[in-house]
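Trainee: Structural data only, the sequence is not supplied:
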C-alpha cells in the first residue's frame, strides 16, 4: 500500500512572491511614480489615502521571445465544423491575416494590446508618494524628565512569574529531558521485548517459564520507571524576559492654519486642504501618534474641528496674527515643546491687514519658531505678493532651517511644492 | 478495504485532514487495481494566496528571484481579484515525492477529484512517460532549484541585483533555445552541481581562453587557420553554446546561463505532452472516481458535483464561439484515452481497419503503452481515430500569405481523416511550432561575431520580437550578432545587432532588412 503525506501549509508564509513583486515595482518605478503623482492631483480630497491602480503600457514590460510571425503558409486545425467542405475557399477578412475565425490572431491580440494594470497598496502608494522626502530637523526630542518606557522582549530566563512561562521552550526542555533520562531504560526494554518474543515463539515444552516471568517483571519495572519520570519539572521551565527601555517621544502635533476670510474661495481652500492632507499623511509615516489642531481665522482666530475648518464659510477682513497668537497660546497650554514635535502649516491667499504683518513676524520670531520643528507657509494666489510675503521673507532669513514658504497658483503645483519643501537635503546643507 | 464496500466515505462537502487521507487511500486502492505506478505523494493544503504564489513561480516550490515572476504574480492577482479567472484547483510538481497543492477553498468532492487527477494521473505520467524519464530527474529537481536559488542570491550579493538581472533577462529571452532536442542530457544533481561549480568555473574559463587565445604559438597558428568553421556543425542549443563559448562572460555569468538552461530543460517535456498529460490525468480522475462510485464509496450527490466539474473541464467550444481559444488539451486528451479504451473493449468495423493492433486487447496495457512511449505529436499521429475527429468536427484551414482566401484542406470525412490527423499532429510538433534557429558560425579569427541561421518552415517568418531577442543575445555574446533567415536556400531576411553600417545605406540605423 502506498503512503501519501498530507501536510497543512496554510500557515506557511503566503508572501512568497513579495520579493519578486518588489523587484517588479523597483524596475518600473518611473511608471509607478508618474501614476502616483497624477493620482494625487486628480483624486478627490477624501480618498487621498488609498492604494492606486497602476497601468503600464504592456510593450514596456514585454519579455521578448522568438516565435513565428505573421506570414508564410500555415495550417490550423479547428474544432466545430458546421458547413465547410474540403476545397471550400473563404475570403480573408480585410486588414491583415489572423483575425476572424483564427484563434491565433485573437490570442496574440488579446495578449499584446492590453495595458498591464495592477494595484499597489496604500502603504506602497504613500511610499512612492513620499519617496526622497524627509522631515526637516528630524531631531527627535530626547526627554529626560518625561518617563516614557516600553517593555521590550529581552530573551529567556529560567526564573520568573507563571504568567510569563514560555510554553514552547519549556515543553521542548521537558521533552529533551525525558528523552535523555529514559534512553537506557528504553534500550533495555527493547532488548527484553525481543528476548520475550523469542522465548514466546518457542514451543511450550522448550520454554523456560520462570525465565520468561523474570523478563516480564523486569520489563514491567523499567516501564514503571519511565512512567515515573515527571512530564514537566521545575528545571524545564523557561520564562520570557522583558526589559524596560526608555523611548524618545514620538508624538507630534500638527497645526493647520488657514485664512477663511471672504477673499478665500472654495477652490483655494481645496488646494490648501490638499496640502494639509499631504503633510498629515507624511507626518503620520514618521510619528506613531499625531494630533492635529485646526485654526481658522479672519479678523479673529478660532480652534475648530476638521469639518468646520474646511467647509464653513466666513467673510470679513484678515488679521493673520490672531491665528498665530492662538497657536502660541495652545502650544503653551497643551503641547509643551519638550514633549512634542511641533509642525505647522499655514495657508493663505496673501491678504492681510497691512499693519498686522510686522506683528506676525514678531510672534513667529520670538515665540513660535523657537519651539516648532518646522513651519511651512504656502500662499495660494496667482497675484503679486503682498506685505505678508515680504515680512515672512525676513523671518525666513532668521530661521532658514525651520521656516519655509512657497507659492501655489494651481492644483498641479501642490505636489511639486510639497516635494520641494521636503526634499531630502544633502548632509552638508 | 473491503469493509467500506457499501459505506460512503463522507456525505457532506466539508473536508477534513482525516477525510482527505481516507479518500486518498480509497483512490490509491482503486489506482492499484488499474496498475497505476506512481511516485509517493505529498499532498499540501494551501490557501488561495499561496496558490497565486505557486502560480507565478511556474509552480516550482523554490525559485530564484526575478522581476518577471513578480509581474506574473501581479497579473494573476489582478485577474483573480477581478473575477476574470478562477485559480486552478491544483498544481502538481514533477518531483519525488510528487508534490500536489490542494486549495483549502475546495469542497471535499473537488479535493478528491484533484487527488485522483494530480496524485495518481499526473504523477504516474511523470514517472512513466519516456520524455520525463529521459529529460527530468524527479528526485533531484527540488535540490537543484534550491541550489539555483542560493547561487543566484550569492551572485546578487556579490555583483549586485542589477547585474544579475541583466544576465537573467537575456537568458530568459533565449530560454526556449536552451534545450538539446535530440541528445539525452546528463542528469542533474544538486550535490554534484555544488561540488563541480568551482571545478567547472576554472575549467570553463580555461576552455574559453583556449578558443579565444590571441597570441598564438606557431603551431597552433597553423591549426587555427585550418579551423575555418566553428562550430563544426550547427548548434541548436544556443544557451549551451553561449555558456561554453561566449568570449567575455564571467564564470558566474556562465553559471547563470546554465541554471536557466537546466530549468528550461526540466520543463521541456511538459511543453511537449500537454494533451497527453492532461488527457491522462483527466481520464484517470474520471475512471477512478467512477470506480469509487461503483464500489459504493461515494454518494450520488458527490458524483453529481464531480460530473459537473468534470464536464466543464473537458468542454470544447467551437471555433466560432466567442470563448473559443484553441483546442482544449483536457478535452482532446480525455477523448482520445477514452477512445483507446473503447477501441480495446468494443471496436467497430472502422476501428478494426484503422487500429487492428489494439482492437480487442487489454485496455489497461494498451493505455499504459500509449502513455509511456509517445509525446503529443506522435500520440495524435498514432491514436487519433476517425471517431474522435468526427466528434470534434475537426477541419483544417490553410492560410497562405500569397492568396486572398483561406482554403479548407480537409474535414471530418473519409477522405479527410488522414490529413486532419497529420496536420493536427504537426500543430503539436514543437520543432515546427518554434522557429528553427541554430548557431551557424563564429568568426573566431576576425571580429568574433556570431551568425545564427533561421530555417523557415513553409516560409513563416520570425515574429517582431526577433530584434529584441538578438539584443539580449548580443549582451551575452559580447560581439556582433547576425541572424539570417532562409526559405530553402534562399536568404529572405537579415537581422544585425548592432545594426550594420554601410557606406551608402540610408537606413543604417535600422537593424533588419527585408529582402522580400
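Mentor: Cool, got the structure. These figures come from a predicted structure and were not determined experimentally. Numbering: from 1, shown residues only, chains lettered A, B, ... in the order given.

Trainee: Could I get the phi/psi values of residue A:5?
Mentor: For residue A:5, the backbone dihedrals (degrees, to the nearest 10) come out as phi -100, psi 130.

Trainee: typo on my end, it should be residue A:255
Mentor: Per-residue torsions, residue A:255: phi -100, psi 130 (degrees, to the nearest 10).

Trainee: before we move on, what SS does the closest residue to it other than its chain neighbours have?
Mentor: Leaving aside its sequence neighbours, residue A:255 sits nearest to residue A:344 (CB to CB, 6 or more residues apart in numbering or on different chains; 4.0 Å). Backbone N, C-alpha and C define where each C-beta goes, glycine included. Classification of residue A:344 using DSSP: H, G, I helix; E, B strand; the rest coil returns strand.

Trainee: wait, residue A:344 sits on residue A:368?
Mentor: Yes: contact criterion CB atoms under 8 Å: residue A:344 and residue A:368 qualify, at 7.3 Å.

Trainee: which residues do those two both contact?
Mentor: Shared contacts of residue A:344 and residue A:368, defined by CB atoms under 8 Å, 6 or more residues apart in numbering or on different chains, comprise A:327, A:375.

Trainee: These two: who's more crowded?
Mentor: The residue with more neighbours, out of residue A:344 and residue A:368, is residue A:344; 26 against 23, by other CB atoms under 10 Å in any protein chain shown.

Trainee: Does the residue in the stretch 201-350 of chain B that chain A sits nearest to belong to a helix, a strand or coil?
Mentor: When scored by CB to the nearest CB, the stretch 201-350 of chain B has residue B:318 as its residue closest to chain A, at 2.4 Å. With three-state DSSP as the basis, the three-state label of residue B:318 is coil.

Trainee: tell me the contacts of it?
Mentor: A:78-80, A:82, B:324, B:393.

Trainee: same thing but at 10 Å, please
Mentor: Shown in contact with residue B:318 (CB atoms under 10 Å, 6 or more residues apart in numbering or on different chains): A:78-82, A:101, B:324, B:392-393.

Trainee: and residue A:407, how many residues sit next to it?
Mentor: By other CB under 10 Å, neighbour count at residue A:407 equals 15.

Trainee: Please, which helix or strand holds it?
Mentor: strand A:403-408 (DSSP states H and E).

Trainee: can you give me the strands in the chain?
Mentor: Chain wasn't specified; assuming chain A. A:4-8, A:52-56, A:73-78, A:89-91, A:116-120, A:149-157, A:239-246, A:251-259, A:289-297, A:301-304, A:341-348, A:374-380, A:403-408 (DSSP state E).

Trainee: Can you look at chain B instead?
Mentor: B:41-46, B:90-93, B:98-103, B:395-400, B:405-411, B:436-442, B:450-455, B:481-487, B:490-497, B:512-514.

Trainee: how about the nearest residue to the residue nearest to the spatial centre of chain B, chain neighbours excluded?
Mentor: Central residue of chain B (CA atoms, centre = their mean): residue B:271, 2.1 Å from the mean position. Nearest non-adjacent residue to residue B:271, counting by CB to CB, 6+ apart: residue B:430, 6.4 Å away.

Trainee: neighbours of whichever residue of the stretch 101-250 of chain B sits closest to chain A, just the number please.
Mentor: For the stretch 101-250 of chain B and chain A, the shortest gap (CB to the nearest CB) falls at residue B:173, measuring 5.2 Å. Around residue B:173 there are 23 other residues, counting by other CB under 10 Å.

Trainee: what separates the nearest residue to residue B:332 once chain neighbours are set aside from residue B:424, distance-wise?
Mentor: Nearest non-adjacent residue to residue B:332, counting by CB to CB, 6+ apart: residue B:275, 5.3 Å away. Distance, residue B:275 to residue B:424, using CB to CB, to the nearest Å: 10 Å.
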